[in-house]
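In: fold the following and give me the result.
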Amino acid sequence: MRYGLLGVILCGCLGWLQPAHAQAIRLDVHDLALREALEQLSTQAGIDIVFAGRLVAPYSVTCSYAGREVEAAFRCLLRGTALQAERVRRRQYVLVEAPPGTAEAPPRGLLAGFVTDAETGEVLPGAHVYLPSLRVGTATNEAGYFALATLPQGTYPVRISYLGYQPRDTVLTTASAARAIALVPVTYESADVVVESRRSDQADLNVLPGLLALPTHQLEQFPSFPGEQDLFQALQWLPGIHRAGEINGGLVVRGGATDQNLYLLDGAPVYHPWHAFSLISTFQTETFKDIRLYRGAFPAEHGGRLSSVLEAEMKDGSRAEPGAVMALSPLSGRFIVESPITPNSSFMLAGRRSYLDKLIGQEHPVEENGRRDTLRTGYYFYDLSAKLTYRPDPHRRLSFSYYHGRDNLDLRLPFDLSLDFSSWLRPADLFFEIDHDWSNQLFSGRYQRLVSRRFFLTVTGYQSSYRAAEGAYIQPTTSSSLTSDYRVRLRDLGVKVDMDFYHSVAHQVRLGLQAVDHRFHSTLDATIERSPGAVDEQHEVSPLHAYEVVGYVQDTWQPAPRVQVQPGLRASYFSGGSYAHVSPRLTAQFAVRPQRVVLRAGVGTEVQYLHRLRDRYSFVYDLVSSRWIPAGPGVRPSRSVQAGLGVEVRPAAGLTVTLEAYGNQARDVLLPEDAYRTKDGLEGPGVEVGALLGQYVPAEARLYGVEAAVHYGRGPWQLWASYAGGRSLSRSDALGETRYRPSRFDVPRTLRGIGQYREGRWRYGVSVEARSGYPHSVPVSRYVLGDPFDDEPVAYLHRPEVNNGRLPPYLRLDATVGYHFGLLGAAWQAQLHVYNVLNKRNVVGRQYDPGYEVVRITDRRGLPLLPLLELEMTL
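Out: Numbering: from 1, shown residues only. Got it, this is the predicted structure:
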């Protein structure tokens, strides 16, 4: 019912935006200058008339007309002249010269082209293309292509701009073929450069509500722990984005769960985009040419998650000249190589590997009192990205992308570990062994073709897989042991077809189809030897399969120079449970004052067919892996209705202020049935879907808030400040909850700021984050239960409500100093990042021990002050 009502509202909004009844027009002019007569018509009819002064200057007109037909009024005014009025879009006309000797309208034309980087040849998706004379504009697609159709034939001045590049003014002709237009990147080292988001005579209406799109070189300047060029570390400085922990954990977008984010790499999903136990992401910022984070109402082409969609496009590789970047950080070493292969092809290759295992070693032979053993402390991660791009001609483009990332943990240590690390490396009769391995692998191929100047085709095929293996051997006593082998596999095989049709200046239609084959496979083999002769074995296999089919259509409609509306419809079918959903979306933007004030609003519905869950009982398996469960007869897909309203203001050169309010109502999200359950048992219920789902219950979620951000960039200064105030609440009827309670990631207030200053070769930066503490459950009483025959009763804590308390507020200040220099024919950059300058060890967790008369409280604190050095070389 709720989604049907939203559809009615959407249709009503579209109806409201349709042209109103024609206004009454009354013209009675005698020998009046044509310019003045046109101004009268424009005022009475409520239309916009575009013309060149040289065309109308020679004419004076005499006309008498009363009626409601705009075209008839034009015919009256232009009778006897060599001019005609051509309708460009709703309520906008342009005066052109009429063809000699004919009364037929002049033929229509089209402006088209590709926007690229002048230094590397990379295409620039999302570049703003604007025609000042007609006050119309558009944006380039993923291939950097743009088209403005059904224009009167002729030559037009065009202004092209892109964030981080110098705007370019040029002239395009409708009769010419699609032209390549190169933009020059801004040189940020220059103290005279004014860095602004966009500069044009028209506000950019192509930035959707909730969209965060920053150039990669700007994200690279954001502070990042531990000194890595890491995309997710940079994104968390933007409003409404948190990490699940202090420095690690998944992304929390506007209070949503970490599994409600979709990560796309060259059009293919990545299911576990993390290294080092979620400390850093698999996405290196400098390997991408375009990064877009959609929050709230997504465009119709995206879906499948409730909170956000991150779309990252890898670089094609420089077409101009070879280049390389090598860097060493406190955690890993990395490299990036770009080069042309032929005039029509190029490649990009990037790699990264941690080196801690090389410093401390993986195997440690130990000896004590004649006893020998070999202990292991091995951990490493690596990833490899590659992209090959071939362009047989300007109208066709073929690219292949590859990504592989892996983490491996290999431990053999004494069972009775302590904080005294020197005691770890000793022979022991009681020990544990852990062999964990998890990896992502992705293949993607994309074919793009300009079929005609008005029709652009993109075909993407991909295979994305995730594998995890958790092996464990534990010997807690001399006569008992546990052996466990847990494995998870997920594979997606998909194809997607996207089509752009440039119908006219006012309408650009995008539609597409997508089909995905999902396969899931989990196994558990465990042997528990409780005592000699008492052995329990467990062997379980859980294969799952589902396919998903999606179709969408959306129209980017610009009914007036200062208005853009984007209605869309997304239909999906999921075979698990035979679920079918239709998700309408609608966004609208209005430039109150072009170049100064833009209003944005959006509303839409989303559906998520996959849930990420983990066992909540055994500490032996399901520790770091991601297990995804498809919707089916036993679990419904999650659904949500989202809305947002915002304003962007540019009061001065280089200064941008944004304010946005949002709301999100979701249902059928999954919450733990027992929020206080401790994952401390040897055995679990197994890997069968029913056993796993039995640990969770369906619930509703309510998220709302307001976000404000300020960016100032001028000369050597770059300043960012943001505030996010919002709530993330949940409620489950299955748990008997009658009112909403704070969810795990409810953070009512967050304030962040970054300041950077450049002077010559030096760069200085400071960043601060202050936020509310994460919620947690506080016990209100202690009680004991016992038996007359027991020596000691067992003490318990009573927690009547989940998340009824909150950790202390979080505050952290970081500082950065960077230095650029040249050496051995290369450009070098050394950067010192000081984490937690104030050495304030924030409380990031709290435990309550009922084993004392007065409950003992133990706080888990965050990291102290840490200096982190990174060295980077560019060739």
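
In: for the longest strand anywhere in the chain, buried residues please.
Out: Identified as the longest strand of the chain according to DSSP state E is strand 534-560. Neighbour counts over strand 534-560 (16 or more other Cβ atoms under 10 Å) mark 542, 544, 546-548, 550-560 as buried. C-betas here are computed from N, CA, C, even on glycine.

In: counting contacts, what elements does it pack onto?
Out: If contacts are counted by 3 or more Cβ pairs under 8 Å, 6 or more residues apart in numbering; DSSP states H and E, strand 534-560 sits against strand 83-89, strand 136-139, strand 507-531, strand 563-574, strand 627-630.

In: quick one, which of those strands gets closest to Leu457.
Out: Nearest to Leu457, of all the helices and strands packed on strand 534-560, is strand 507-531, at 10.1 Å by Cβ to Cβ.

In: now do that closest one: which elements does it pack against?
Out: strand 480-502, strand 534-560, strand 627-630.

In: Arg812: which of the helices and strands packed on strand 534-560 is closest?
Out: Here strand 627-630 is closest among those (Cβ to Cβ), at 32.7 Å.

In: what about the helix or strand hosting Ala815, average pLDDT?
Out: Ala815 belongs to strand 810-823 when assigned by DSSP states H and E. Mean per-residue pLDDT for strand 810-823: 94.

In: repeat for stretch 380-394
Out: Mean pLDDT, computed over stretch 380-394, is 94.

In: what are the buried residues along it?
Out: Within stretch 380-394, the residues scored as buried using 16+ other Cβ under 10 Å are 380-383, 385-391.

In: again, but for stretch 245-261
Out: By 16+ other Cβ under 10 Å, the buried positions in stretch 245-261 come out as 245-247, 249-261.

In: show me how far it is from its chain's centre.
Out: Taking the mean of its C-alpha atoms, stretch 245-261 sits 12 Å from the chain's own mean (Cα atoms, centre = their mean, to the nearest Å).

In: in terms of helices and strands, where is the closest residue to Val563 other than its chain neighbours?
Out: Distances taken as Cβ to Cβ, 6 or more residues apart in numbering place Phe590 nearest to Val563, at 5.4 Å, with adjacent residues excluded. Using DSSP H and E, Phe590 sits in strand 579-593.

In: thinking again about what came up before, which one of the helices and strands packed on strand 534-560 lies closest to Gly818?
Out: Of all the helices and strands packed on strand 534-560, it is strand 136-139 that lies closest to Gly818, at 33.1 Å by Cβ to Cβ.

In: partner strands of that closest one, parallel or antiparallel?
Out: Here strand 136-139 is paired, per DSSP bridges, with strand 128-131 (antiparallel).

In: distance of the residue nearest to Pro748 when sequence neighbours are not counted from Tyr810?
Out: Distances taken as Cβ to Cβ, 6+ apart place Ser772 nearest to Pro748, at 4.9 Å, with adjacent residues excluded. The spacing between Ser772 and Tyr810, counted by Cβ to Cβ, to the nearest Å, is 8 Å.

In: centre-most residue in the protein?
Out: For the chain, the residue nearest the mean C-alpha position is Leu310 (2.3 Å; Cα atoms, centre = their mean).

In: which strands border the helix or strand where it lies, and is each parallel or antiparallel?
Out: If you go by DSSP H and E, Leu310 is part of strand 308-314. Taking DSSP bridges as the criterion, strand 308-314 forms sheet pairs with strand 261-265 (parallel), strand 288-295 (antiparallel).

In: so how far is the last one from its chain's centroid?
Out: This means strand 288-295. With Cα atoms, centre = their mean, you get 6 Å for strand 288-295.

In: all further residue positions should be reported with the first residue as 388.
Out: In the new count, where the first residue is 388, that last one comes out as strand 675-682.

In: show me the contact partners of that strand.
Out: With Cβ atoms under 8 Å, 6 or more residues apart in numbering as the test, strand 675-682 has contacts from 509-513, 529, 595, 597-601, 603, 606, 618, 622, 625, 627, 640-641, 672, 689, 694-703, 1031, 1049.

In: if you set the cut-off to 7 Å instead, what comes out?
Out: 509, 512-513, 597-600, 603, 606, 618, 622, 627, 640-641, 689, 695-702 (Cβ atoms under 7 Å, 6 or more residues apart in numbering).

In: for it, list the C-alpha coordinates in CSV.
Out: The C-alpha coordinates for strand 675-682 follow below in CSV (Å, rounded to 0.1, in the frame of the first residue of the first chain):
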residue,chain,number,x,y,z
PHE,A,675,40.4,5.8,-10.1
LYS,A,676,39.3,8.5,-12.5
ASP,A,677,35.7,8.9,-11.3
ILE,A,678,34.1,8.2,-7.9
ARG,A,679,30.4,8.8,-7.1
LEU,A,680,28.6,8.0,-3.9
TYR,A,681,24.8,8.0,-4.1
ARG,A,682,22.9,8.4,-0.9
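
In: which parts of it are buried?
Out: Within strand 675-682, the residues scored as buried using 16+ other Cβ under 10 Å are 675-682.

In: which of those sit farthest apart?
Out: Those two in the buried residues of strand 675-682 that are separated most widely, counting by Cβ to Cβ, are Lys676 and Arg682, at 21.3 Å.

In: please, which helix or strand holds Leu1106?
Out: Assigned by DSSP H and E, Leu1106 belongs to strand 1104-1118.

In: partner strands of that strand and their direction?
Out: Using DSSP bridges, the strands paired with strand 1104-1118 are strand 1083-1101 (antiparallel), strand 1128-1129 (antiparallel), strand 1136-1146 (antiparallel).

In: ok, back up a step: which residues does the residue nearest to Pro1135 contact?
Out: Neighbours of Ser1159 in contact, by Cβ under 7 Å, 6+ apart: 1134-1136, 1193, 1196.

In: count of residues packed around the residue nearest to Gly551 when sequence neighbours are not counted?
Out: Among residues not flanking Gly551 along the chain, Pro602 sits closest, at 3.7 Å (Cβ to Cβ, 6+ apart). By other Cβ atoms under 10 Å, the residues close to Pro602 number 18.

In: quick check: beta-bridge partners of the residue nearest to Ser1119 when sequence neighbours are not counted?
Out: Spatially, and ignoring its direct neighbours in sequence, Ser1119 is nearest to Ala1086 (3.8 Å; Cβ to Cβ, 6+ apart). Beta bridges link Ala1086 to Val1056, judged by DSSP bridges.

In: let me see the contact set for Ala1086.
Out: So Ala1086 contacts 1056, 1058, 1117-1119 (Cβ under 7 Å, 6+ apart).

In: repeat that for Glu993.
Out: Glu993 sits next to 685, 690, 692-693, 970, 1026-1027, 1029 when contact means Cβ under 7 Å, 6+ apart.
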